[in-house]
Structure formats: C-alpha cells, structure tokens
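Trainee: how does the following fold in three dimensions:
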Amino acid sequence: MTVEDNQALVRRYILECWDRGDVDLLTELCAPDYLHHLPGKTTHLPETQQLILDLHAAFPDFKLTIDDEILAGEKVIIRWTIRGTHLGPLFGLAPTGRHIEYTGIDIIRCATDKIVEFWGQPDSSGLQRQLGQGWSSTGPI
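Mentor: Residues are numbered from 1 along each chain as shown. This next block holds a predicted model:
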C-alpha cells in the first residue's frame with residue numbers, strides 16, 4: 001500500500017465509520033485481528049463497533065471533523081474534534097442536554113489494505129468536565 005492508499009483507507013474509517021456511524025463497514029476496512037488501544041485498555045472490533053453506536057446514541061448530532069493528518073509510512077496520525085449534544089445516556093450518565101466539543105489524536109496502522117491497529121488519545125477529562133459531575137471516569141473514551 002502507498003501512503004496515499006493508507007490515507008484514503010483511514011479517511012473512510014474516520015469519516016464513514018466514526019463520523020457517520022456505519023459500523024458494518026468496519027469489517028470491510030479492518031483486519032480480523034484488529035486491535036483498538038485506548039488509555040488503560042485494548043479491545044477488538046466488536047467493542048469498537050459498540051463504542052461508535054454508544055457515542056451516536058448519546059450524541060444524535062455527533063459530528064467528527066479531521067483537523068490534521070500526518071502520513072508516516074504504514075501509519076496515519078489524525079487530530080480530530082467531535083461536537084454534539086448529549087441527548088442520550090453515556091457510560092451511566094443520564095442525558096444532560098449539553099453541547100460538547102472535545103478533541104483527540106489517533107495513530108492508525110495499516111497493512112495489506114486493512115487497518116490493523118489503532119491507538120487513541122481522546123481528551124476524556126475535557127469531555128468529563130463538559131458533561132459535569134456524576135460521570136464515571138471508567139468509560140471507554
């Protein structure tokens with residue numbers, strides 16, 4: 001795969017799966033042994049699909065924008081911003097009606113036309129501050 005192929009693959013992953021919520025597309029874009037690393041936790045494709053569904057249920061107007069991209073061989077680094085209104089439950093917190101905006105950086109590794117590994121660093125504490133007291137920091141983001 002070329003660097004440009006990796007970029008196109010990751011853009012589909014971010015914009016179609018995460019932004020639009022098309023979790024079925026993940027099985028096409030990701031390797032069967034896909035690993036999803038978040039601070040303190042590593043999961044696989046089914047947990048990633050559920051996380052996307054949970055976020056879209058909590059924020060029906062969920063919008064993810066790519067702020068920066070860095071192409072580095074088999075890795076693509078994305079800096080992103082998510083915006084939305086908290087209208088559904090999220091990790092045990094009842095809807096607050098608050099509009100949120102939080103950021104993160106992901107490193108995504110590609111091989112053989114698939115995404116094989118993901119390292120995410122979301123600003124979970126920023127999201128928690130925006131949602132107010134009562135949110136458990138044990139959530140997956």
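
Trainee: what about the closest residue to residue 42 other than its chain neighbours, which SS state?
Mentor: Closest residue to residue 42 apart from its sequence neighbours, by Cβ to Cβ, 6 or more residues apart in numbering: residue 35 at 5.8 Å. For glycine as for every other residue, the C-beta is placed from the backbone atoms N, C-alpha and C. At residue 35 the chain is in strand, as set by DSSP: H, G, I helix; E, B strand; the rest coil.

Trainee: count the residues that sit near residue 35.
Mentor: Residues within reach of residue 35, counting by other Cβ atoms under 10 Å, total 17.

Trainee: pull up the gap between it and residue 132, please.
Mentor: According to Cβ to Cβ, to the nearest Å, residue 35 stands 32 Å off from residue 132.

Trainee: and the lengthiest helix in the chain, what's buried?
Mentor: The longest helix of the chain (DSSP state H) is helix 45-58. For helix 45-58, the neighbour count (16 or more other Cβ atoms under 10 Å) marks 45, 48-49, 51-52, 54-56, 58 as buried.

Trainee: show me where the chain has its strands.
Mentor: Under the criterion DSSP state E, strands of the chain are mapped to 30-38, 41-43, 63-72, 75-85, 99-111, 114-122.

Trainee: got these as TSV, with distance to residue 3 columns?
Mentor: Supplementary listing: the strands of the chain in TSV, determined by distance: least, Cβ to Cβ, whole Å:
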stretch	distance to residue 3
strand 30-38	19
strand 41-43	26
strand 63-72	5
strand 75-85	8
strand 99-111	10
strand 114-122	15
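
Trainee: can those go into TSV with extra columns for distance to residue 7 and mean pLDDT?
Mentor: Below are those laid out as TSV (distance: least, Cβ to Cβ, whole Å; pLDDT from 0 to 100):
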stretch	distance to residue 7	mean pLDDT
strand 30-38	16	97
strand 41-43	24	96
strand 63-72	6	97
strand 75-85	6	98
strand 99-111	9	97
strand 114-122	12	97
